[in-house]
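> Quick one, structure for this:
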Amino acid sequence: MLKIKNNPHLKSDFLKNVFTLLSGATVAQIITLISIPILTRIYTPEDFGHIAIYLSIANIVAAFSTGRYELAIMLPKKRTEALAIFKGSFRIAFIISLISLIAIILLKSFDHKFSSFIEPFYFYFLPLSIFIVGLGNLFFQWYTREKQFKIQANLKIIKSGSSSGVNVFLGLLYNLKSLGLFFGHIAGQGIQQIIFGLRFYKEEKNNLKIVDANLVKEQLKLNNNFPRFSAPMAFLNAISKDVLIYVFKMFFSTSLVGQYSNATKVISYPLELINQSFMTVFYQKINETNKKLRFYLISYFGNFIIATIVMIPIVFWGEELFVFVLGNDWEIAGSIAKYMAPLTVASFAMRSVSNIFSLTRKNGILLIWQICYLVLILITIFISKSTNFDVMLLYFSLVGAFLYIALAFMGYRIMKKTYEKPS
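Numbers count the residues shown, from 1 in each chain. Got it, this is the predicted structure:
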């Protein structure tokens, strides 16, 4: 493995690229954070609930819409082979989107429960969003391969700015309810992918012509471990992340989904800014240091303390803070954020150091843990759903926090076994 510390030029490029990507992500998230207090005074919790369900379904299907082949784009040395993977992934994403359209039409026509679950007419556009998200994943990997990080950073800002701008504009000028949020989402994603697509086609149209069907088939077969292993992991992770959205919709109300959606946004965005920066530096540093176990422990507990400090005001004054920031309709969101504090802290601390499973080539453990996590939290929800809403949420949060702490302990045991010399 190349040691970045031994090559000043590589180190300089690495830090420059990291800063470029992080600056784009930071500005984009700041734009979104600034827009939330405005949007929560324009749109109702129910409006946010509808769009949260829409985005959740789109993201779950999009998690495997490319077969996760986009992760293989970085691997080939030959440009034509990488383009073959891109071309094959594009076709898979299109087919999955088409299948999802047929499924939605059939389910909406013959299943009353499903039809009531996705009420607004724009749910017919889910296949479009699934395709756009899948395409975005392809472009991100392609331009990472090309080391064109500046365009990625700029387009993150354009996406966030256009989405927030359209949401506010339509909300203030027209009474479109959740439709305004939908148009904002489509505008942000659509503009980003159109710019990516035009640039990609201009640069690669001649190279794409020489990529034939046999090469595409060969590359997809060569990298079939991605749909076999990575796609199920991404699918389970997407479901686990948004499982409460479906629980709230089925057993409570769309309005509560909106409260939950904005509660998680407000508490996760500041921590995500820290997490994105730390994960990159952590992975670089833990590859270099000789005291890997010590660095893992310091990093984990350091992030645990940071997240705890960030969440203390939410725990004590969650309702008051959310009413002040988001408006009078969002007191329940503050209560949700308060009960989610244990899970928020534990998951943030673990995600910040989760690269150790890749470092030690133990990604299989993550897949097993993800399956156990989903099963156990579903059991927790099933057992506690008949109780008070706050009690169910607290049980969910405590069980989830315990499982993330258990994963951190597994990480510690793996690091100790792999890197600590026997006395």
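> How many neighbouring residues does residue 304 have?
18 (other CB atoms under 10 Å). All C-beta atoms are positioned from the backbone trio N, CA, C, and that covers glycine.
> helix, strand or coil for it?
When classified by DSSP: H, G, I helix; E, B strand; the rest coil, residue 304 comes out as helix.
> Quick check: it touching residue 345?
Yes - if you go by CB atoms under 8 Å, residue 304 and residue 345 touch, sitting 6.4 Å apart.
> Could you pull out the residues contacting both of those two?
Here residue 304 and residue 345 have no joint contacts, going by CB atoms under 8 Å, 6 or more residues apart in numbering.
> Is the nearest residue to residue 51 once chain neighbours are set aside within a helix or a strand, and which one?
Residue nearest to residue 51 in three dimensions, not counting chain neighbours: residue 181, with 4.2 Å by CB to CB, 6 or more residues apart in numbering. Here residue 181 is covered by helix 178-209, with elements defined by DSSP states H and E.
> Need the CA coordinates for the following helix or strand past that helix. PDB is fine.
Tracing the chain C-terminally past helix 178-209 and defining elements by DSSP H and E, one meets helix 213-222 next. Provided in PDB are the C-alpha atoms of helix 213-222 (Å, rounded to 0.1, in the frame of the first residue of the first chain):
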ATOM      1  CA  ALA A 213     -21.900  -5.700 -25.300                       C
ATOM      2  CA  ASN A 214     -19.400  -8.500 -24.800                       C
ATOM      3  CA  LEU A 215     -17.000  -6.200 -22.800                       C
ATOM      4  CA  VAL A 216     -20.000  -5.000 -20.700                       C
ATOM      5  CA  LYS A 217     -21.000  -8.600 -20.000                       C
ATOM      6  CA  GLU A 218     -17.500  -9.600 -19.200                       C
ATOM      7  CA  GLN A 219     -17.000  -6.700 -16.700                       C
ATOM      8  CA  LEU A 220     -20.300  -7.300 -15.000                       C
ATOM      9  CA  LYS A 221     -19.500 -11.000 -14.600                       C
ATOM     10  CA  LEU A 222     -16.000 -10.200 -13.300                       C
END
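> Quick check: mean pLDDT of helix 213-222?
Here helix 213-222 scores 86 as its mean pLDDT.
> elements contacting that helix?
helix 79-110 (3 or more CB pairs under 8 Å, 6 or more residues apart in numbering; DSSP states H and E).
> Does anything pack onto the helix it packs on? Which helices or strands?
Using 3+ CB pairs under 8 Å, 6+ apart: helix 79-110 touches helix 112-117, helix 126-145, helix 178-209, helix 213-222.
> highest average neighbour count across the ones you listed?
Highest mean neighbour count among the helices and strands packed on helix 79-110 (mean count of other CB atoms under 10 Å): helix 126-145, with a mean of 21.
> Kindly export it (C-alpha atoms) in CSV.
Only the C-alpha atoms of helix 126-145 are listed here, as CSV (Å, rounded to 0.1, in the frame of the first residue of the first chain):
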residue,chain,number,x,y,z
LEU,A,126,-40.8,7.3,-7.9
PRO,A,127,-39.1,5.3,-10.7
LEU,A,128,-37.7,8.6,-12.0
SER,A,129,-36.2,9.5,-8.6
ILE,A,130,-34.9,5.9,-8.3
PHE,A,131,-33.2,6.3,-11.7
ILE,A,132,-31.8,9.8,-10.9
VAL,A,133,-30.3,8.6,-7.6
GLY,A,134,-28.7,5.6,-9.2
LEU,A,135,-27.3,7.7,-12.0
GLY,A,136,-25.9,10.1,-9.4
ASN,A,137,-24.1,7.3,-7.7
LEU,A,138,-22.6,6.3,-11.1
PHE,A,139,-21.4,9.9,-11.8
PHE,A,140,-20.0,10.3,-8.3
GLN,A,141,-17.8,7.2,-8.7
TRP,A,142,-16.8,8.1,-12.3
TYR,A,143,-15.6,11.6,-11.4
THR,A,144,-13.9,10.2,-8.3
ARG,A,145,-12.0,7.9,-10.6
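> Present the helices and strands packed on helix 79-110 as CSV; the columns should include distance to residue 369.
Shown next, in CSV, are those (distance: least, CB to CB, whole Å):
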stretch, distance to residue 369
helix 112-117, 29
helix 126-145, 23
helix 178-209, 31
helix 213-222, 28
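> out of these, which comes closest to residue 325?
The closest of those to residue 325 is helix 178-209. By CB to CB, the value is 18.5 Å.
> Tell me if I'm right that the residue nearest to residue 51 and residue 52 touch.
No - counting by CB under 8 Å, residue 181 stays clear of residue 52, with 9.3 Å between them.
> Off-centre distance for stretch 251-269?
Distance of stretch 251-269 from its chain centroid, counting by CA atoms, centre = their mean, to the nearest Å, is 16 Å.
> which residues sit against that stretch?
Outside of stretch 251-269, the residues within contact range by CB under 8 Å, 6+ apart are 29, 32-33, 36, 40, 44-53, 119, 244-245, 248-249, 310-311, 314, 322, 325-326, 330, 332-334, 336-337, 340, 344, 385, 389.
> For the buried ones among the residues you listed, write the corresponding PyMOL selection.
Buried residues within those, by 16 or more other CB atoms under 10 Å, are selected in PyMOL with:
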select buried, resi 29+32+33+36+40+45+46+47+48+49+50+51+52+53+244+245+248+249+310+311+314+322+325+326+330+332+333+334+336+337+340+344+385+389
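> out of the contacts of stretch 251-269, which are inside strands?
The members of the contacts of stretch 251-269 all map outside strands under DSSP state E.
> can you tell which of the helices and strands packed on helix 79-110 is closest to residue 297?
Closest approach to residue 297 among these (CB to CB): helix 126-145, 30.6 Å.
> Contacts for the helix or strand following the closest one, please.
Sequence-wise, the next helix or strand downstream of helix 126-145 (DSSP H and E) is helix 149-173. Contacting residues not belonging to helix 149-173 are listed as 17, 20-21, 23-25, 27-29, 31-32, 34-35, 38-39, 42-43, 140, 143-144, 176, 179-181, 183-185, 187-189, 191-192, 195-196, 199 [CB under 8 Å, 6+ apart].
> Can you tell me which helices and strands whatever helix or strand residue 300 lives in packs against?
Element membership of residue 300, judged by DSSP H and E, is helix 292-326. Judged by 3+ CB pairs under 8 Å, 6+ apart, helix 292-326 is in contact with helix 8-39, helix 254-288, helix 331-339, helix 341-351, helix 389-419.
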